[in-house]
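>>> Okay, predicted coordinates and the sequence, questions at the end:
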Amino acid sequence: PGFVHFLDDLYSRQDLLGSVLMKAFAEMLGLRGEDFAAMFQGDMGTIRLLYYPGTADDDAKLNLDHANSGISAHTDFEVFTLMHQDAPGLQFLTPNSNEWVDAPVRPDQYVVIIGDVLERFTNGELRATPHRVLKTGHPRRSIIRFNAVHPETLIEPLPKFTSESNPPRYTPVRMKTHMATTLAKLKKGEGAWDSVANVSTTATRSYPEP
């Protein structure tokens, strides 16, 4: 019961932080603060508590020897992610140099990771953050809170980010469709990252209809 209460409380506090960040993103982009916040009501957010045992553990080493990474490169299909880790292991792909760099370990802070939805809303002005998890010799724990929008929210480039010279580069799709399609393709073993073109296949996916 104590654990459940703790997680419920953590989720509620993350909701408050998420609402503030949604307003901050909108204001940063020159939009009204409430434009994104309204979409956050009834969101499809999820929380995950992850443990990576590290290759120093014999049983874990046996399983990880067949993998070239802990989690392969991808972008998150929601709006943004709050990430906390207690040891190195997560890496980000830098937008300019295309080099993988270690994500910071900050005991009292979350790292905010941009997701597919913000990339599609801004017609690519903001880019979803590619990241991966390395195999490490040490154990690692992380708290991951994915922040999506209401299932019926239509995800498409907003008018502010399109023009005759800069037409929409992303097809419209509802949050629930983008989530269901991405999960179904991952279940089939289809990756979320094109390592040749260095591009997210989830953020840039073309949908025939919303």
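The structure has been received and is ready for your questions.
>>> For the most centrally placed residue in the chain, which residues are in contact?
By C-alpha atoms, centre = their mean, the chain has its centre lying nearest to residue 76, at 2.7 Å. Shown in contact with residue 76 (C-beta atoms under 8 Å, 6 or more residues apart in numbering): 113, 115, 116, 128, 129, 146. Every C-beta, even on glycine, is put in place using the N, C-alpha and C of the backbone.
>>> Confidence-wise, which helix or strand of this protein is lowest on average?
helix 58-64 (a mean of 51; mean pLDDT, DSSP states H and E).
>>> Near the nearest residue to residue 156 once chain neighbours are set aside, how many residues? Count them for me, please.
In space, and not counting its chain neighbours, residue 156 is closest to residue 172: 3.9 Å by C-beta to C-beta, 6 or more residues apart in numbering. Counted with other C-beta atoms under 10 Å, residues neighbouring residue 172 total 14.
>>> Quick check on residue 172: phi, psi?
phi -70, psi 140 (degrees, to the nearest 10).
>>> Low-confidence ranges, the chain, go.
Per-residue confidence for the chain (pLDDT under 70) gives these ranges: 1, 56-69.
>>> roughly how far out does stretch 86-105 sit from the chain middle?
In terms of C-alpha atoms, centre = their mean, to the nearest Å, the centre of stretch 86-105 is set 14 Å apart from its chain centre.
>>> how close does residue 127 get to residue 200?
According to C-beta to C-beta, to the nearest Å, residue 127 and residue 200 sit 8 Å apart.
>>> So between those two, which is more surrounded?
Set residue 127 next to residue 200 and count neighbours by other C-beta under 10 Å: residue 200 wins out with 24 against 17.
>>> Quick check: the closest residue to the more buried one other than its chain neighbours vs residue 87, distance?
Nearest-residue entry for residue 200: residue 75, 4.1 Å, with adjacent residues in sequence omitted and distances by C-beta to C-beta, 6+ apart. Per C-beta to C-beta, residue 75 is found 23 Å from residue 87.
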